[in-house]
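have a look at this prediction, sequence included:
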Amino acid sequence: MAAAVALTVALASPATAGEGHGHSSDDYHLTVMGTTDLHGSALNWDYFKNAEYDDSAHNDVGLAKVSTLVNQVRADKGRRNTLLIDAGDTIQGTSLAYYYAKVEPISKTVEHPMAAAMNAIGYDAAAVGNHEFNYGIPYLRTFERQLDFPLLAANALDDGTGRPAFAPYVIKTVKPAHGKPVRVGILGLTNPGIAIWDKANVEGKMHFDGLVEQAARYVPEMKRKGADVVVVAAHSGADTSSSYGDALPFPENAATLVAQQVPGIDAILVGHAHQEIAQRVVTNTATGKPVVLSEPLKWGERLSVFDIDLSFARGHWAVQSVGAQVLNSNTVPEDPKIVTMLAADQQKVVTYVNGVIGTATEAMSAATARYEDTAALDFINHVQAGAVKAELTGADADLPVLSIAAPFNKDAAIPAATVSVRDVAGLYIYDNTLLGIKLTGAQVKAYLEKSAEYFKPAPTPGTYASADLTNAVTPTAPTGTPDYNYDVMGGLDQPLTYDIDLAQPVGSRITGLAYGGFPVTDAQEFVVAINNYRQSGGGNFPGVVGAPVVYNRQVEIRQLLIDWVTQHQVVDPAEFSATNPDWRLTSGGQPLTITP
């Protein structure tokens, strides 16, 4: 709200209102707006709750909200003085996106709702994100043809020709009310990790060079072609890092490196990392000039606004200053034009999400999953481990596969009857993706010891209320360890069994750790199915961040569960949940009795 108020105050000044000029015809004020990581969010709707979207921060989502913000900025600045761009990951991530990829795929006669909405809002360009490749290149090309604006990716190269597979950049001409037109170059950069994450879809067809290397090639070209302003839409995070380690010669998150190492860039719209960066100023090492970065979180929750001041001298425009801020979409209503336009699409998807996809032979509840072995978490682990194992090759294919799952939602339950998409989705309320990493037996034990910090001590056997055992306070969780930072680990082909002895001190609680009935040795190797949040360091679990990644298809786990039920039709806990618990809470080796 403060950002929106600040913008309104700035826009009210005579120097920038209406025509986009400063105090003289030799000054010009350009505004470039940006979104990123929309992930199929067209409307402010939570398909898994079947209700308006809301979270703990009361964020809103969707292009209908973005449209209202864009309309306000255009009204304040003068539409002729604005541009609107996106930094990628548009067509994957919600039930709406899934529906128009798998249930009623887009075609010459079926328009993607995201394309319809972005065309109606009036985007000028968009970078290609890594999730654009999730449904294959032909699907992406169909989406591209439905757009009224170009998809850009300077570092996505065709394997056959070596040339860019998408337009590297576009130069837009902005015409002030008076004076010479301003030429704005928009360069698109995508993520090199596509080569790993979507190998099955791109291998032999496209390869992906570094962002810095391709920006260094095309920024001078844009300048030679008359670009007065250069803005980059980069589907790459600001904080330099790579989830794939040294598997590729190019870093995953390289937006800051582009700003530092490539002269001639004025602003970068950052994507991929799902972070909120209102403004970050990076100094180019060659020129000493500032480059402004902004990242508008995700899903349409924010809109980045770059304010670029130019002056005209010696026959051309020159950038004098750049500032950036983000606007919060929860401060405005949805644009009724977009809502009405997508009403029929929305109804189809809502009907699908509430549709029956299978049956369950018995009910599975997560109500007690925090303190006892349950079929609900066994189901998640079974599906995750199976997906990872199916993709393993070489020596990795011979390793035993384990999986981790957390009790995200104690209210989740699959009924002993017909099962809907929403029923399954309730088991996994976060938008995590699946990875497979290699851990030793010693690392598996250390991981489980970290997980066991979730529990409070139980010095003697007996009966305990669940609240007296769970959500322990730790130095990193002073108000209590959240449920999502407690992981249960299970085996796929053989059970992984262990006790958590709450009479023992933290760090020495895991006893009887065995796989297939045999004690796990320190040197034994396992592949572990794990979510991207945990693998990237979320929860600070040991051994995982630097562990070799052997599977990373960037498949959303929630959708993976839905797809599994759809394919198998019947969910039978007897197939994946042992009669005897694989793990249990004990005190001094004696089982505890736990009441809700």
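Okay, I see it.

quick one: the strands in the stretch 151-300 of the chain, in order.
Counting by DSSP state E, counting those that start in this stretch, the stretch 151-300 of the chain has strands at residues 151-152, 156-158, 169-174, 182-189, 206-208, 229-234, 267-270, 276-283, 290-296.

now these as TSV including mean pLDDT and mean neighbour count?
For every residue, glycine as well, the C-beta is placed using N, CA and C. Below are these laid out as TSV (pLDDT from 0 to 100; neighbours: other CB atoms under 10 Å):
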stretch	mean pLDDT	mean neighbour count
strand 151-152	98	26
strand 156-158	98	20
strand 169-174	98	18
strand 182-189	98	27
strand 206-208	97	21
strand 229-234	98	29
strand 267-270	98	30
strand 276-283	98	16
strand 290-296	98	25
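
among the ones you listed, which is nearest Leu448?
Nearest of the strands of the stretch 151-300 of the chain to Leu448, taken as CB to CB: strand 276-283 at 33.8 Å.

tilt between that closest one and strand 290-296?
Per axes from the mean of the first three to the mean of the last three CA atoms, to 10 degrees, the angle that strand 276-283 makes with strand 290-296 is 170 degrees.

low pLDDT regions in the stretch 51-200 of the chain?
Scanning the stretch 51-200 of the chain for pLDDT under 70 picks out nothing.

so what pLDDT did Glu221 get?
On pLDDT, Glu221 comes in at 98.

dump the residue contacts of it.
Tyr169 (CB atoms under 8 Å, 6 or more residues apart in numbering).

distance check, the residue sitting furthest away from the middle of the chain against Ala177.
Residue farthest from the centre of the chain, counting by CA atoms, centre = their mean, is Arg314 at 45.4 Å. Remark: distance between Arg314 and Ala177 (CB to CB, to the nearest Å) = 22 Å.

Lys49 too?
To Ala177, Lys49 is 47 Å away according to CB to CB.

same check, this time on Thr511
For Thr511 relative to Ala177 (CB to CB), the value is 77 Å.

likewise Val73?
18 Å.

higher neighbour count, those two?
Using other CB atoms under 10 Å, the more surrounded residue of Val73 and Ala177 is Val73, with 23 against 13.

now do the same contact list for the residue positioned nearest the centre of the chain.
The residue lying closest to the centre of the chain (CA atoms, centre = their mean) is His274, at 5.9 Å. Applying CB under 8 Å, 6+ apart to His274 gives the contacts Asp37, Leu297, Lys298.

try it again with 6 Å
If a contact means CB atoms under 6 Å, 6 or more residues apart in numbering, then His274 has Asp37, Lys298 as its contacts.

how near is the nearest residue to Gly507 once chain neighbours are set aside to Phe541?
Distances taken as CB to CB, 6 or more residues apart in numbering place Glu449 nearest to Gly507, at 5.5 Å, with adjacent residues excluded. Note on Glu449: its distance to Phe541, by CB to CB, is 10 Å.

repeat for Ile137
The spacing between Ile137 and Phe541, counted by CB to CB, is 36 Å.

what about these two, which has more around it?
Legend: neighbour count by other CB under 10 Å for Ile137 and Phe541, higher for Phe541 (21 against 16).

neighbours around the spatially closest residue to the more buried one that is not a sequence neighbour, how many?
Among residues not flanking Phe541 along the chain, Lys450 sits closest, at 5.0 Å (CB to CB, 6+ apart). By other CB under 10 Å, 21 other residues sit near Lys450.

again with Gln275
Neighbourhood size, Gln275 [other CB under 10 Å]: 17.

check the gap between it and Thr470 for me.
From Gln275 across to Thr470, the span is 30 Å (CB to CB).

equivalent analysis for Phe576, please.
25 Å.

ramachandran coordinates for the nearest residue to Arg74 once chain neighbours are set aside?
Leaving aside its sequence neighbours, Arg74 sits nearest to Thr82 (CB to CB, 6+ apart; 5.4 Å). Note on Thr82: backbone dihedrals following degrees, to the nearest 10 are phi -130, psi 150.

and Asn81, by the same measure?
Main-chain dihedrals, Asn81, degrees, to the nearest 10: phi -100, psi 10.

how about the contacts made by the nearest residue to Tyr454 once chain neighbours are set aside?
Using CB to CB, 6+ apart and skipping the chain neighbours, the partner closest in space to Tyr454 is Tyr486 (3.8 Å). Residues near Tyr486 by CB under 6 Å, 6+ apart: Ala406, Ser451, Tyr454.

stretch 269-289: end-to-end distance?
Taking CA to CA, to the nearest Å, the first and last residues of stretch 269-289 lie 17 Å apart.

what's the local residue count around the residue nearest to Arg74?
Applying other CB under 10 Å, we find 21 residues neighbouring Thr82.

what's across from it in the sheet?
Thr82 forms beta bridges with Thr31, as assigned by DSSP bridges.

I'd say it and Gln72 touch.
No. With contact defined as CB atoms under 6 Å, Thr82 does not reach Gln72; the gap is 11.0 Å.

measure Gly358 to Leu399 for me?
From Gly358 to Leu399 the distance is 30 Å (CB to CB).

looking at those two, which one has more neighbours?
Counted by other CB under 10 Å, Gly358 and Leu399 do not tie: Gly358 has more neighbours, with 20 against 17.
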